[in-house]
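[1] Show me the folded form of this:
(one chain, ligands or ions: 2)
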Amino acid sequence: MGEDIFNATIVDRRDLTPELAIIRVRHDTGTVPEFEPGQFCTLGLPKEEPADAPATEGPARRGPRMDRRSYSIATPPSVRDHYELLVVLVPTGKLTPRLWTMEAGSRLWMQERADGMFTLKPIPEGKDLVMVATGTGIGPYISILRAYRDARPRRWRRLVLIHGTRLAVDQAYREELEAITAQDESVRYIPVVSREPIDSQWKGLRGHVQAALEPAVFETLAGAKLDPAEAHVFLCGNPAMVTDAQALLEGRGFVADKMRGPMGNIHVERYW
Ligand SMILES: Cc1cc2nc3c(=O)[nH]c(=O)nc-3n(C[C@H](O)[C@H](O)[C@H](O)COP(=O)(O)OP(=O)(O)OC[C@H]3O[C@@H](n4cnc5c(N)ncnc54)[C@H](O)[C@@H]3O)c2cc1C
Ligand SMILES: NC(=O)c1ccc[n+]([C@@H]2O[C@H](COP(=O)([O-])OP(=O)(O)OC[C@H]3O[C@@H](n4cnc5c(N)ncnc54)[C@H](OP(=O)(O)O)[C@@H]3O)[C@@H](O)[C@H]2O)c1
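    Numbers count the residues shown, from 1 in each chain. Ligands and ions are numbered 1, 2, ... in the order given. Below is the predicted model:
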């Protein structure tokens with residue numbers, strides 16, 4: 001396999017659990033493509049083809065076939081020399097089991113453009129933002145928080161981040177988020193766990209992120225009502241969560257974005 005299709009390098013890797021890692025990737029130019037907070041990049045590796053695979057008929061391909069996957073960028077756009085990505089191992093997947101064998105210095109392919117509409121660009125200033133994630137779906141919100149937290153006037157009136165994970169150890173960025181909320185009263189962070197052992201030290205919410213969207217619970221933890229006239233809700237991660245939370249919010253007067261038509265106040269990013 002020619003080295004020439006690779007144009008990027010893993011420059012750092014921090015394993016949070018055996019299945020969850022923060023990976024930093026640098027493009028060979030030394031500068032990553034520009035992006036809006038909330039967008040994703042695309043990484044790839046050449047497909048693993050059996051050594052005895054028959055030669056391809058027809059016109060010559062312009063390079064090896066690739067397994068390409070999207071990863072939300074957690075760095076703010078001001079960081080120009082790498083993307084930080086929060087990645088979970090999907091044991092049955094094509095790309096992540098291979099990423100899991102790679103260390104700092106490993107080579108891979110990066111698309112020379114970031115993509116995605118899951119950003120604050122169309123959202124009016126001064127709204128309440130409710131950012132709901134499962135698992136690695138917290139990545140785009142980390143970029144948004146890092147990018148806008150020092151903006152004055154504030155980009156939002158309140159920002160409430162609800163993060164659902166199986167276990168407390170899966171709560172990536174928890175220390176950073178707790179430090180932000182300790183300094184900034186406009187930001188609230190509500191972690192929720194679904195599979196944490198009942199006798200553990202966990203004192204917070206249990207169940208799914210929907211538990212934090214219950215009106216009384218939300219008002220207590222966020223310090224305000226969840227009001228469709230004032231709030232935009234972002235949903236990111238597990239597609240079952242996105243579908244279920246969207247239906248719950250639509251029942252309370254929120255309206256999801258449509259492909260064509262006016263912008264709603266529910267914005268979604270499904271990871272699979
Ligand atoms: C816009 C966008 C942004 C994304 N950002 C991230 C990110 O920041 N971090 C991240 O880890 N992943 C992210 N993903 C998911 C990522 O693109 C891959 O799908 C994931 O890494 C699995 O790749 P794979 O090749 O190992 O598995 P695949 O061969 O692609 O998947 C095998 C099967 O596993 C399931 N699956 C896929 N992804 C997941 C998952 N994360 N959890 C559970 N089941 C899954 C699906 O049913 C899929 O059919 C994002 C996806 C999209 C569309
Ligand atoms: N995180 C781990 O400990 C771990 C370990 C090994 C491998 N993996 C692999 O990593 C991949 C992703 O795992 P993940 O834990 O990051 O993500 P995930 O499976 O999407 O789970 C993240 C959170 O979303 C919750 N959830 C599931 N369906 C929901 C719904 N309809 N509404 C609201 N919340 C919902 C899960 O609750 P539930 O607990 O009810 O599912 C969990 O709390 C999987 O392929 C998994 O096999 C994960």
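[2] Look up the closest residue to Arg80, ignoring the ones flanking it.
    Take Arg80 and drop its neighbours on the chain: the residue closest to it by C-beta to C-beta, 6 or more residues apart in numbering is Thr31, 5.3 Å away. For every residue, glycine as well, the C-beta is placed using N, CA and C.
[3] three-state assignment of that neighbour?
    For Thr31, the assignment made with DSSP: H, G, I helix; E, B strand; the rest coil gives coil.
[4] cool, the one 10 residues further on as well?
    Three-state call for Cys41 (three-state DSSP): strand.
[5] Contact partners for it?
    By C-beta atoms under 8 Å, 6 or more residues apart in numbering, the contact set of Cys41 is 25, 32-33, 35, 70-71, 73, 83, 85, 110-111, 114-115.
[6] of all of the stretch 101-250 of the chain, which residue lies closest to ligand 1?
    Thr136 (3.6 Å; C-beta to the nearest ligand atom).
[7] Correct me if wrong, but that residue is in a strand.
    No - per three-state DSSP, Thr136 lies outside any strand segment and is helix.
[8] Hmm, it is touching Glu84, no?
    No - if you go by C-beta atoms under 8 Å, Thr136 and Glu84 don't touch, sitting 12.0 Å apart.
[9] Quick check: the residue nearest to Arg80 vs ligand 2, distance?
    Applying C-beta to the nearest ligand atom, to the nearest Å, the value for Thr31 to ligand 2 is 30 Å.
[10] Do you know the pLDDT at that residue?
    For Thr31, the pLDDT comes out at 98.
[11] now swap in Glu36 and tell me
    Per-residue pLDDT puts Glu36 at 98.
[12] For the residue nearest to it when sequence neighbours are not counted, which residues are in contact?
    Residue nearest to Glu36 in three dimensions, not counting chain neighbours: Thr119, with 4.3 Å by C-beta to C-beta, 6+ apart. Contacts for Thr119 were tallied using C-beta under 8 Å, 6+ apart; they are Glu36, Pro37, Gly38, Gln39, Ile144.
[13] Can you get me a residue count around the first one?
    By the criterion of other C-beta atoms under 10 Å, Glu36 has 19 neighbours.
[14] Distance check, the residue nearest to Leu205 when sequence neighbours are not counted against ligand 2.
    With sequence-adjacent residues excluded and distances taken as C-beta to C-beta, 6+ apart, Leu205 is closest to Val192, at 4.3 Å. According to C-beta to the nearest ligand atom, Val192 and ligand 2 sit 7 Å apart.
[15] List the buried residues in the helix or strand containing Val192.
    Using DSSP states H and E, Val192 falls within strand 187-193. For strand 187-193, burial by neighbour count (16 or more other C-beta atoms under 10 Å) applies to Val187, Arg188, Tyr189, Ile190, Pro191, Val192, Val193.
[16] For Ala114, see how far away Pro140 is.
    11 Å (C-beta to C-beta, to the nearest Å).
[17] Return every residue with contacts to both of these two.
    Counting by C-beta under 8 Å, 6+ apart, the shared contacts of Pro140 and Ala114 are Gln39, Phe40, Ile73.
[18] May I ask which of the residues you listed has the most neighbours?
    Using other C-beta under 10 Å as the neighbour criterion, Ile73 leads these with 28 neighbours.
[19] my guess is it meets Leu43, correct?
    No - applying C-beta under 8 Å, one finds Ile73 not in contact with Leu43, separated by 11.1 Å.
[20] if I look at those two, which residues touch both of them?
    In contact with both Ile73 and Leu43: Leu85, using C-beta under 8 Å, 6+ apart.
[21] Kindly report the residues of the stretch 151-272 of the chain close to ligand 1.
    Neighbours of ligand 1 within the stretch 151-272 of the chain, by C-beta under 6 Å from any ligand atom: Glu269, Tyr271, Trp272.
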